[in-house]
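Participant: prediction below, plus the sequence it came from.
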There are 4 protein chains.
Amino acid sequence: MKKIAIVGITGYSGLELFRLLQSHPAVEITKICATSHLGEKLSEVFPQFESLTELTIIEFDAQEIMEKCDAVFFATSSGVSKKLALDFIEQDFPVIDLSGDFRLENPEIYKKWYKNTSADIEYLLKAEYHLADIGQAKANYIANPGCYATATLLALYPLVKNQLIELDSIIVDAKSGLSGAGKSLSVSSHFVNVADNMSMYKINSHQHIPEIAQQLKRWNPNFKALQFSTSLIPVSRGIFVSTYAKVADAVDFASLQSAYEQAFADKPFVRVRRQMPQLSEVIGTNFCDIGLAYNPVTNVVTVVSVIDNLMKGAAGQAVQNFNQLFGYEENLGLDFIPSL
Amino acid sequence: MKKIAIVGITGYSGLELFRLLQSHPAVEITKICATSHLGEKLSEVFPQFESLTELTIIEFDAQEIMEKCDAVFFATSSGVSKKLALDFIEQDFPVIDLSGDFRLENPEIYKKWYKNTSADIEYLLKAEYHLADIGQAKANYIANPGCYATATLLALYPLVKNQLIELDSIIVDAKSGLSGAGKSLSVSSHFVNVADNMSMYKINSHQHIPEIAQQLKRWNPNFKALQFSTSLIPVSRGIFVSTYAKVADAVDFASLQSAYEQAFADKPFVRVRRQMPQLSEVIGTNFCDIGLAYNPVTNVVTVVSVIDNLMKGAAGQAVQNFNQLFGYEENLGLDFIPSL
Amino acid sequence: MKKIAIVGITGYSGLELFRLLQSHPAVEITKICATSHLGEKLSEVFPQFESLTELTIIEFDAQEIMEKCDAVFFATSSGVSKKLALDFIEQDFPVIDLSGDFRLENPEIYKKWYKNTSADIEYLLKAEYHLADIGQAKANYIANPGCYATATLLALYPLVKNQLIELDSIIVDAKSGLSGAGKSLSVSSHFVNVADNMSMYKINSHQHIPEIAQQLKRWNPNFKALQFSTSLIPVSRGIFVSTYAKVADAVDFASLQSAYEQAFADKPFVRVRRQMPQLSEVIGTNFCDIGLAYNPVTNVVTVVSVIDNLMKGAAGQAVQNFNQLFGYEENLGLDFIPSL
Amino acid sequence: MKKIAIVGITGYSGLELFRLLQSHPAVEITKICATSHLGEKLSEVFPQFESLTELTIIEFDAQEIMEKCDAVFFATSSGVSKKLALDFIEQDFPVIDLSGDFRLENPEIYKKWYKNTSADIEYLLKAEYHLADIGQAKANYIANPGCYATATLLALYPLVKNQLIELDSIIVDAKSGLSGAGKSLSVSSHFVNVADNMSMYKINSHQHIPEIAQQLKRWNPNFKALQFSTSLIPVSRGIFVSTYAKVADAVDFASLQSAYEQAFADKPFVRVRRQMPQLSEVIGTNFCDIGLAYNPVTNVVTVVSVIDNLMKGAAGQAVQNFNQLFGYEENLGLDFIPSL
């Protein structure tokens, strides 16, 4: 039984972590931290948790967490863990960081995309950017991938790794529901502006672009850049990614399909589908479902990948990384079945 | 480990039963029956279940079920179990019936509201109409209450049982999401007709009215009739019931609140709230949340009750009744935590 | 051609007024006022109006408006017109006020429900609270009714006026879309909190209750109080009101229906329907559609009324009142046809 | 005053035509035809039209229409006008055909994509495929473009016509609301399957692909093929098209923007925007709004175009074509202002 702390409990990812870890058979949540609602019961602030927990929101205290807990999850906004997590790094204390602060190894790139200075490079290099479905988490500081990045990288992995496409032809048209933008109130999250609407945002400037590029380059050093756009769709949860690329040498659908099936053969949470997946088929679960099609007329492969942005795209993947780090079964506490 | 069969697997309630029972620690689903898709794998017909089950849809066979299983769930349309379930009743084999066929003890009333003949009265009398949160299931044939009826009856129980209201003043304005109407295709379930819309339907003629009246009369023989209306709101899941009644002798809010808290003191799935509950706070769970307010100007008590129609209003309550029948902890396999 | 000014252009009602008056054949919008975006073009702030107008947002100036315009519409928040509109009242300059500031004739009642002091009573008494579909606007200061009040009063008018119901038995269960709450950002208007959700709010305390009561008392001095509740449903526009009352002396459906048809016989915007109206059937229009049903078992009449809260519930009714005041055809500029 | 007939009144496009033509100042609708609800009043079948029309649905009769009307609109399903419209072609009677039957000049291509035989080629060649915003309608038989095709072609016109892009690099990721698929009931249009969901469909096989290709080839004979995909998003109305292409010779954003502004300089219904348009900004109007961005890192231009599929994508464009054909102002009866 591992004792864990959640920092940033009041955001969407923090609440989803609470939901997952509260029923995780190997975990006891012992501390929940935030900067607001200090001293209040979680079930008073979020009445949906009434009767489910007696936990009280407390102030963050790194020493206290290291003394009393076995691991800490950061579900904080950008710019927080780069300050608060340094003590943990120095003590090599297990951290799963859901924010973007330690995902990029290059401080210049961080500065360019986050409009802010990163943590010192010595700290950055201690962190492991780890897609839970590719390889095994090793470092004590896990930089949990971003939601868009997760869906995009899993869609591109077999193509880029196996050199099946023209690397400069990748076009990613990604769509997200509203929880992806977090809880902060803005004109663009008001119901009246979202319902019956769709809009493209952060044109050529979404902060998940550099982490996708960094990872693709690790898989294939010849990779240079990808065209990546993000749009809001009127759903609360979910990311739907449409990826297009010219096939390197014209291949048929069967061989592309086979490349995906091999790449994810033993991965419990990546389902290579025979038809295009629908977003609703993964909501509430830790699955990333992938479908593909090849168009011989244009020589383009279309890949659709769908995830629940708060599960596989945040809290679910974080728990999966935690399971790997502590040697538990990968799907422990994560075996949610999709509903309607 | 109980072996169970689900009859009517392809409907919303059947699929939700599958979701619940598949991860229920004391249950093994061994048979799933339907009249369509015979011989097909469940995960082919419903690809969201890919990698989660190898079960194949088979034809219903009562003898086979009684030989190989410990219990059977009927998640069939109106009019099916009154024919197919008779063998089970004769053998006193455990049945949880989610349909309306055995909810009414009076064949005349069934005929009036369902426009059809009921099962013979000798069979009807073997069935127990059982709200899982009030009392303990005893009979081997459980008539699981309807979704509207569940939310309405739990809202009215303390008032009617304790004679706190004028019995002829009850007005129930109930709203449901679209899954409540089942999967059948109709003009009224087309997305374009539901989104941005709301409509009242089955005016003074909803088939859950007689089961509500039957149960209220059991709690208080002076009860005669209630005004009950049903409207569709543009959500997939959920029932939101607003109940109004004149208070018998003017009482204050505190004493009404206290009556509810006492009535549901030891009930894990009924949460008497301090403020009005929101629908989203129970979706995906087996909770019925209840809030109330008293208006001294009009002497009216307002009660809001919310449930997930497929959980507490169908499959969740069915599993809870199953747990009671087989002596398991009431919340076994049902401890879902609400999400955002 | 009347020159008009809109004060409070940036809110939902202000924008809807712009939409209506911009294509009104007898109106030229000459001034649009707000407290933000001063000096900016309307089409820059609201790009949906690109190519449709060259108007610039300016500061409010009562003298300037009285010199250059023929009438002014206030689409301001509560508490604004009670300060800014006094000059117009003193000069008897035509004002259509969409806010609640001049709807109540009793300063004590205003204070109780709005938690604020009203304008002086001498000013209040100059204003005419005018439902555009009942009678003819006469005063130069029109207090345009609230959205909930409009739908509720039109539903109750034939019953209360003609003494068809027990006056102390009225229960109104009203639901609104999100634009009804205005543009201000709040947790309760965030898409994630609205979609897939429904919630009751302002329990027994909605500020439209006193204007409904004031008007009902004018129609029938025996009226005392009504039970009125308000809930949010996940739509952008629209109000759906379910009204229940005990019928005074048991009457049949036909005579109730006939009372409604007579009451609204020559009213172009009130459609007494033969079946229950759906919300979508009036969206984008100035209609109030009404349907009714009588239940002989409970002796209760159910009345459903639906409106577009920004049209009949705000800007549409305001333009209709303007038409009456200036002697235009009642439906000039208002003959919108419902779409799907 | 032109007398017109609408064939296929009961579908979405037919009803939208009714809405537009009913308030068109130069039109009188005299005949509405369908194959169902014959002899019924339109306002009985679609109660939202109560009090707005006395028209009755009648059987189609070509001779009668040619004798009594000045033009006919076909808003029929695929495969209908290729049979019913031949008489009109032979008499050179004005037809606006919203279906796909006469859009393709090549019978082989029709057969491949529509899985059916087309009208005889002599008839096909009499029809003019006419985007209302590019050039002037001339032929008496107008094949009104498809909804996806309209949004895609307007987005690509300046790029393809002016040779600004690598022609083999076009990727179009198009999304549609549910009314685009018409009224027919299917599992994929059930509210529960659409809400909170997104799905790609008709992979590499949408029937609008060949009309897009045919038109692009007319603009630039070097054009070969485009990658085009279609997804459903949970809205009732609207098409949101994201188009990507490699710029031919690296150009800057300003020169691309300028090409669009020139191309649509005098087109009242195409608004070249300075920022990316949102879908809601055109709903209920005949506008096509277009925004673009250039990414120097990938040398890709991103173009977003949005339309209301039933207006610019069907009935609105049809009326615009009608206006051109009969010499009316292009925007007569079409000057709808966007609402919230």
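Facilitator: Noted; the coordinates are in hand. Numbers count the residues shown, from 1 in each chain, chains lettered A, B, ... in the order given.
Participant: touching chain D at all, stretch A:175-189?
Facilitator: Yes. Using CB under 8 Å from any CB of the partner chain, stretch A:175-189 reaches chain D at A:Lys175. Where C-beta positions appear, they are placed from N, C-alpha and C, glycine not excepted.
Participant: can you list contacts of that stretch?
Facilitator: With CB atoms under 8 Å, 6 or more residues apart in numbering or on different chains as the test, stretch A:175-189 has contacts from A:10-12, A:77, A:147-148, A:193-194, A:198-199, A:201, A:230-242, A:309-310, A:313, B:340, C:185-187, C:189-192, C:195, D:175, D:198, D:233.
Participant: swap the cut-off to 6 Å and go again
Facilitator: The contact list for stretch A:175-189, computed with CB atoms under 6 Å, 6 or more residues apart in numbering or on different chains, reads A:11-12, A:147, A:194, A:231, A:233, A:235-240, A:309-310, C:185, C:190-192.
Participant: spell out which residues of the stretch 51-200 of chain A are next to chain B.
Facilitator: Neighbours of chain B within the stretch 51-200 of chain A, by CB under 6 Å from any CB of the partner chain: A:Ser51, A:Leu52.
Participant: what's near enough to touch the residue of chain A positioned farthest from its centre?
Facilitator: What lies farthest from the middle of chain A is A:Val297; by CA atoms, centre = their mean that is 34.6 Å. Residues in contact with A:Val297 (CB under 6 Å, 6+ apart) are D:Ala225.
Participant: helix, strand or coil for it?
Facilitator: Assigned with DSSP: H, G, I helix; E, B strand; the rest coil, A:Val297 falls in the coil class.
Participant: now it: how far from C:Glu44?
Facilitator: Per CB to CB, to the nearest Å, A:Val297 is found 43 Å from C:Glu44.
Participant: just A:Phe287 next, same as before
Facilitator: For A:Phe287 relative to C:Glu44 (CB to CB), the value is 44 Å.
Participant: more neighbours: which of these two?
Facilitator: The neighbour count for A:Phe287 versus C:Glu44, taken as other CB atoms under 10 Å in any protein chain shown, is higher for A:Phe287 (29 against 13).
Participant: that one contacts A:Phe269, correct?
Facilitator: Yes. Using CB atoms under 6 Å, A:Phe287 is in contact with A:Phe269, at 5.5 Å.
Participant: look at the closest residue to chain B within the stretch 101-250 of chain A and give its secondary structure.
Facilitator: Residue of the stretch 101-250 of chain A nearest chain B, by CB to the nearest CB: A:Ser179 (6.4 Å). Secondary structure for A:Ser179, judged by three-state DSSP, is helix.
Participant: what do you get for A:Phe228?
Facilitator: A:Phe228 ends up strand, using three-state DSSP.
Participant: around chain D, pick out the residues from chain A.
Facilitator: Close to chain D, as judged by CB under 6 Å from any CB, chain A has residues A:171, A:173, A:196-200, A:203-204, A:225, A:227, A:229, A:233-235, A:240, A:242, A:244, A:276, A:278-280, A:293, A:295, A:297-298, A:300, A:302, A:304, A:340.
Participant: quick one, which of the residues you listed are buried?
Facilitator: A:171, A:173, A:196-200, A:203-204, A:225, A:227, A:229, A:233-235, A:240, A:242, A:244, A:276, A:278-280, A:293, A:295, A:298, A:300, A:302, A:304, A:340 (16 or more other CB atoms under 10 Å in any protein chain shown).
Participant: hmm, back to that, distance of the residue of the stretch 101-250 of chain A closest to chain B from C:Thr10?
Facilitator: Distance from A:Ser179 to C:Thr10, by CB to CB: 28 Å.
Participant: for A:Val241, same thing?
Facilitator: Remark: distance between A:Val241 and C:Thr10 (CB to CB) = 36 Å.
Participant: kindly report the same for A:Asn222.
Facilitator: Distance, A:Asn222 to C:Thr10, by CB to CB: 52 Å.
Participant: more crowded one of these two?
Facilitator: Set A:Asn222 next to C:Thr10 and count neighbours by other CB under 10 Å: C:Thr10 wins out with 20 against 10.
Participant: what's in contact with the helix ranked longest in chain A?
Facilitator: In chain A, assigned by DSSP state H, the helix with the most residues is helix A:147-161. By CB under 6 Å, 6+ apart, the surrounding residues in contact with helix A:147-161 are A:131, A:165, A:172, A:174, A:180, A:208, A:211-212, A:215-216, A:219-220, A:239, A:241, A:243, A:259-260, A:263, A:288, A:303, A:305, A:307, A:309, A:313-314.
Participant: cutoff 7 Å now
Facilitator: A:131, A:133-134, A:145, A:165, A:170, A:172, A:174, A:176, A:180, A:206, A:208, A:211-212, A:215-216, A:219-220, A:223, A:230, A:239, A:241, A:243, A:245, A:259-260, A:263, A:270, A:288, A:290, A:303, A:305, A:307, A:309, A:312-314, A:317 (CB atoms under 7 Å, 6 or more residues apart in numbering or on different chains).
Participant: can I get it as CSV, trimmed to CA atoms?
Facilitator: Below are the C-alpha coordinates for helix A:147-161, written out as CSV (Å, rounded to 0.1, in the frame of the first residue of the first chain):
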residue,chain,number,x,y,z
CYS,A,147,-3.1,15.0,-23.9
TYR,A,148,-2.7,16.1,-27.5
ALA,A,149,0.9,14.7,-27.5
THR,A,150,-0.2,11.3,-26.3
ALA,A,151,-2.9,10.8,-28.9
THR,A,152,-0.7,12.2,-31.7
LEU,A,153,2.5,10.2,-30.8
LEU,A,154,0.7,6.9,-30.4
ALA,A,155,-0.9,7.5,-33.9
LEU,A,156,2.5,8.3,-35.4
TYR,A,157,4.8,5.8,-33.6
PRO,A,158,4.6,2.9,-36.0
LEU,A,159,4.8,5.2,-39.1
VAL,A,160,7.8,7.2,-37.9
LYS,A,161,9.7,4.5,-36.1
